[in-house]
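**Q** turn this into a structure:
(one chain, ligands or ions: 1)
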Amino acid sequence: MFIRNQSVCESEMEVDRTVRVKLDVPDERHDDLHQTIQQFQTAVNYTVDHGENDDGYLITNKSTIHDKVYHDLRDETDLPANLVVRSYSKAVEMLKSTVEDWKNGNSRPLPTFDQPTVVYDKRTLTIKDEYATLSTVNGRVEADFLLGEYQRSYLDADDYEKRMGELHYDPDTDTFYLHIVVRKEVEQRDGDRVLGVDLNLKNVAVTSTGRFFDGGELLWGQNHYFRVRRSLQDKGTRSARQALERLSGRETRFVLDRLHNISRGIMEEALRHDCSFIAVEDLTHIRERMDAHDDRLRRQMHNWAFRELQEQIAYKASEYGIRVESVNPAFSSQTCSQCGHQSSTNRDPETGWFECSECGYGVDGDYNASKNVGLRLLAVPSGKRPDGLGTGQLALKSGTLNVSDTSSVYSSLEFERESTDKPTASAVGS
Ligand SMILES: [Zn+2]
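**A** The predicted structure follows:
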């Protein structure tokens, strides 16, 4: 997904967007771009192949690599100096992630760079309103942009700085694309209020402010497209496979559209309640929540959709300077958000109703879980807390919930105050 948010200082965050722009390249310059792509690949792979030092360790330091390969690459390719730098930098990235994998016990072989892609920076790429010029093995190539409204909205915006870019070639359509990275600095939202969000199968999302995003039957494998897909998959014939391909595009758009409505709704909720943080579940745990009888197709669908929804939330939140933090949701559905008591008997798996066996608190189970997700973020110990969270308070349907001692373990948290928190169902707007 095209997003990377990073804290630059305490009050600002960088928001990067990648805008994919179709290029209109003059016919007689196609070959220059193809040659550049090919030689860039060669240069990256040459660097990876020479990325070991004498002791057999991989080199992850750019200036060491530079000394080792720069002159070879200049001699053996037609790439201009700055593209040579980008190519060995790309190789260093790949070497670094290989080292990381090896450290984690994954002994994969050295990577190969086989993408039809060239990495550009400010010295090798000039971006104008309607066109760009790119360094190639044969001088600069000028290519016009073929822009849609979406791309234009980012490229025309003054607050976005256009930075790096990547040239991509799509062999299926014989088309060149420029992926332009635009960046703006967004003021982090002040305040320490947290919106808790629970993702689940019955309701797609529930917020600690009591908003329920329904639409489960649309998303989770009961919709028309899903049923057709399943029957086509069962057939397995060639025509069924073709029909399946056409369908998967339509189904994806259909689900994405629903997810966008939900992530928009969550953002409305965060803004309405003046939240500066959104707490979501760490996705590695989502899998555990799925029913054992779910089939593979359905699981894949869930995994993909949950991930997509979280990315959409992060993407939209960053526009407002709202930070999205993930928390460990273990037992969030079994724990009482009122008294902290945890028991597997607290939640009725059939009805989804939560009733605390300790204090008697009774509430919709997904709503209870959404409050727990928010409370987990408030309970993060001081050394690991996100900047600016302060003491923190959880946004509820009306009012907030404060945690008096956030350094103690979650189950022993004391709650100072709680307002009414009865949830109301609200349909997803379209
Ligand atoms: Zn309780």
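**Q** now do the contacts for the residue in the stretch 101-250 of the chain that the ion sits nearest to.
**A** Residue of the stretch 101-250 of the chain nearest the ion, by Cβ to the ion: Ser208 (16.3 Å). C-beta here means a position set from N, CA and C on the backbone, and glycine is covered the same way. Ser208 makes contact with Val194, Leu195, Gly196, Val197, Tyr367, Ser370, Lys371, Val373, Gly374, Leu394, Ala395, Leu396 under the criterion Cβ atoms under 8 Å, 6 or more residues apart in numbering.
**Q** what's the nearest residue to it if we skip its chain neighbours?
**A** Gly196 (3.6 Å; Cβ to Cβ, 6 or more residues apart in numbering).
**Q** for the one you found, the count of nearby residues, please.
**A** Neighbours of Gly196 under the rule other Cβ atoms under 10 Å: 32.
**Q** element containing Gln38, please.
**A** Element membership of Gln38, judged by DSSP states H and E, is helix 30-49.
**Q** and that helix, what's buried?
**A** For helix 30-49, the neighbour count (16 or more other Cβ atoms under 10 Å) marks 32-33, 35-37, 39-48 as buried.
**Q** correct me, but Gly374 touches Gly196?
**A** Yes. Here Gly374 lies in contact with Gly196, judged by Cβ atoms under 8 Å, at a distance of 2.4 Å.
**Q** could you tell me which residues touch both of these two?
**A** Joint contacts of Gly374 and Gly196 (Cβ under 8 Å, 6+ apart) are Ser208, Ala279, Leu394, Ala395.
**Q** can you show me the helices along the stretch 201-350 of the chain?
**A** Here the stretch 201-350 of the chain has its helices, by DSSP state H, counting those that start in this stretch, at 216-219, 224-235, 238-272, 296-319.
**Q** can you list the ones you listed in CSV and add distance to the ion, mean neighbour count and mean pLDDT?
**A** Formatted as CSV, the helices of the stretch 201-350 of the chain follow (distance: least, Cβ to the ion, whole Å; neighbours: other Cβ atoms under 10 Å; pLDDT from 0 to 100):
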stretch, distance to the ion, mean neighbour count, mean pLDDT
helix 216-219, 27, 17, 58
helix 224-235, 38, 14, 73
helix 238-272, 25, 16, 84
helix 296-319, 28, 18, 83
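**Q** out of those helices, which comes closest to Asp67?
**A** Checking the helices of the stretch 201-350 of the chain against Asp67 by Cβ to Cβ gives helix 296-319 as the closest, at 38.6 Å.
**Q** packing partners of that closest one?
**A** strand 3-9, strand 12-24, strand 193-199, helix 224-235, helix 238-272, strand 277-281, strand 323-327 (3 or more Cβ pairs under 8 Å, 6 or more residues apart in numbering; DSSP states H and E).
**Q** how about a cut-off of 6 Å?
**A** Other elements packing on helix 296-319 under the criterion 3 or more Cβ pairs under 6 Å, 6 or more residues apart in numbering; DSSP states H and E are helix 238-272, strand 323-327.
**Q** okay, now Val280: neighbour count?
**A** The burial count for Val280: 27, using other Cβ under 10 Å.
**Q** I'd say it and Ser326 touch.
**A** Yes. Counting by Cβ atoms under 6 Å, Val280 touches Ser326, with 5.4 Å between them.
**Q** just send the helices of the stretch 201-350 of the chain back as a markdown table, with distance to Asp387 too.
**A** Formatted as a markdown table, those follow (distance: least, Cβ to Cβ, whole Å):
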| stretch | distance to Asp387 |
| --- | --- |
| helix 216-219 | 35 |
| helix 224-235 | 42 |
| helix 238-272 | 18 |
| helix 296-319 | 15 |
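**Q** end to end on stretch 267-281, go ahead and measure it.
**A** 16 Å (Cα to Cα, to the nearest Å).
**Q** next one: it to chain centre, how far?
**A** 17 Å (Cα atoms, centre = their mean, to the nearest Å).
**Q** low pLDDT regions in this protein?
**A** Scanning the chain for pLDDT under 70 picks out the ranges 1-10, 215-224, 247, 284-298, 403-430.
**Q** phi and psi next, for the most far-flung residue of it relative to its centre.
**A** If you look at how far each residue of the chain sits from its centre, by Cα atoms, centre = their mean, the farthest one is Asp75, at 40.2 Å. Main-chain dihedrals, Asp75, degrees, to the nearest 10: phi -70, psi -40.
**Q** contacts for stretch 365-378?
**A** 194, 196-198, 200, 203, 206-208, 279, 281, 325, 327, 329, 332-333, 335, 337, 347, 352-354, 392, 394, 403, 406, 423 (Cβ atoms under 6 Å, 6 or more residues apart in numbering).
**Q** how about Pro111, what does it touch?
**A** Met94, Thr98.
**Q** in three-state terms, label it for me.
**A** coil (DSSP: H, G, I helix; E, B strand; the rest coil).
**Q** how close does it sit to Asp190?
**A** 43 Å (Cβ to Cβ, to the nearest Å).
**Q** and what of Val181?
**A** 28 Å.
**Q** okay, the two: which has more neighbours?
**A** A count of neighbours by other Cβ under 10 Å puts Val181 above the other of Val181 and Asp190, at 19 against 11.
**Q** looks like the more buried one contacts Arg163 (just checking).
**A** Yes. Using Cβ under 6 Å, Val181 is in contact with Arg163, at 4.9 Å.
**Q** quick one on the thing from earlier: just the buried residues of helix 30-49 now: which is nearest the ion?
**A** Among the buried residues of helix 30-49, and counting by Cβ to the ion, the member closest to the ion is Val48, at 56.5 Å.
**Q** pull the contacting residues for that closest one.
**A** Applying Cβ under 6 Å, 6+ apart, the residues contacting Val48 are Ala91, Leu110.
**Q** and Ile59, what are its phi and psi?
**A** Residue torsions, per degrees, to the nearest 10, at Ile59 are phi -90, psi 130.
**Q** right, and it touches Lys68 too?
**A** No. With contacts counted by Cβ under 6 Å, Ile59 stays clear of Lys68, the gap being 7.1 Å.
**Q** looking at these two, which has the bigger crowd around it?
**A** Set side by side, Ile59 and Lys68 show more neighbours around Ile59, with 22 against 17, by other Cβ under 10 Å.
**Q** what separates the more buried one from Val69, distance-wise?
**A** Taking Cβ to Cβ, one finds Ile59 at 10 Å from Val69.
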